[in-house]
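> below are the sequence and a predicted model for it; my questions follow.
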Amino acid sequence: MTLGRARLPLVILSVFAISSCQTEDKSPQPHFTTNSRGQKTTGTAQANADTHFIEFRSRYALTYGHTYVVFGRVDANGNMIDPEVAGLAPASPDAAPYVMGHFIPVPATTGQTDGDLEEQYRSASWRVMLTDDEYSGVVAFIREQQANSHFWQASVDNCNNWVGEIARHMGYKTPSIWLRPQQFITELREMNTA
């Protein structure tokens, strides 16, 4: 009887992990840019006022994808200048820790992973233009989160949850962490934009 009860949490975690992988990604979603209040940005006056940004992104991968943020400054044309990447993923590019991480916590990395800045892998994104003060606050939160994130686990401590913490810090509503990354980013944007 005890052995059966011990397996129940493993079965529940497996169901969550498997169910999050059941839908298929759509074609790349358009790029969206808003201010921190979720209002679409237009004109050069807004661009000149807010030269910092955070971009909530998802990308395609061999599995169900990855959710992360890109942040930094933009030039007058909206091009990124020396962008930084932050997200939560298994620390090894080897598949074994990734597979194990669906059952137990595995060591994590919180920086850039392969493909994060390659345009052909982007599946969805929402860029939020920020004032200097807003940007400073968000970056401080990201740095704190990076310093305190040591493990990745697919059903609890995953990339969606990690990025969702940043969004919640900014005052945004967040969708379920068990969505595919593309769906997570799309729903995050839709929940918080006008």
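Done, it's in.

> CA atoms for contacts and neighbours, from now on please.
OK.

> can you mark which positions in the helix or strand hosting Val85 are buried?
Secondary structure assignment for Val85, by DSSP states H and E: strand 80-87. Neighbour counts over strand 80-87 (16 or more other C-alpha atoms under 10 Å) mark 80, 85-87 as buried.

> got it, and stretch 139-150?
141-142, 145-146, 149-150.

> go through these and name the one nearest Arg168.
Phe141 (10.9 Å; C-alpha to C-alpha).

> doesn't the closest one lie inside a strand?
No. Using DSSP: H, G, I helix; E, B strand; the rest coil, the assignment for Phe141 is helix, not a strand.

> ok, it to Thr109 distance?
16 Å (C-alpha to C-alpha, to the nearest Å).

> after the helix or strand bottoming out on mean pLDDT in the chain, which helix or strand is next?
Using mean pLDDT, DSSP states H and E, helix 2-19 stands out as the lowest-scoring helix or strand of the chain, at a mean of 46. Remark: after helix 2-19, the chain's next helix or strand is strand 31-35, criterion DSSP H and E.

> for that next one, buried residues please.
Neighbour-count burial for strand 31-35 [16+ other C-alpha under 10 Å]: 32-35.

> among those, which two are most distant?
Counting by C-alpha to C-alpha, the most remote pair of the buried residues of strand 31-35 is Phe32 and Asn35, 10.4 Å apart.

> correct me, but Trp178 touches Ser155?
Yes. At 6.9 Å, Trp178 counts as touching Ser155 under the criterion of C-alpha atoms under 8 Å.

> of these two, which one has the most company?
Looking at Trp178 and Ser155 with other C-alpha atoms under 10 Å, you find the greater number of neighbours at Ser155, namely 24 against 21.

> one step back: between the buried residues of strand 31-35, which is nearest Gln182?
For those, the nearest to Gln182 is Phe32 (13.5 Å; C-alpha to C-alpha).

> bridged to the residue nearest to the closest one when sequence neighbours are not counted, which residues?
Nearest-residue entry for Phe32: Trp126, 4.9 Å, with adjacent residues in sequence omitted and distances by C-alpha to C-alpha, 6 or more residues apart in numbering. Under DSSP bridges, the beta-bridge partners of Trp126 are Phe32, Phe56.

> give me the low-pLDDT residue ranges for this structure?
Applying pLDDT under 70 to the chain picks out residues 1-26, 28-30, 42-50.
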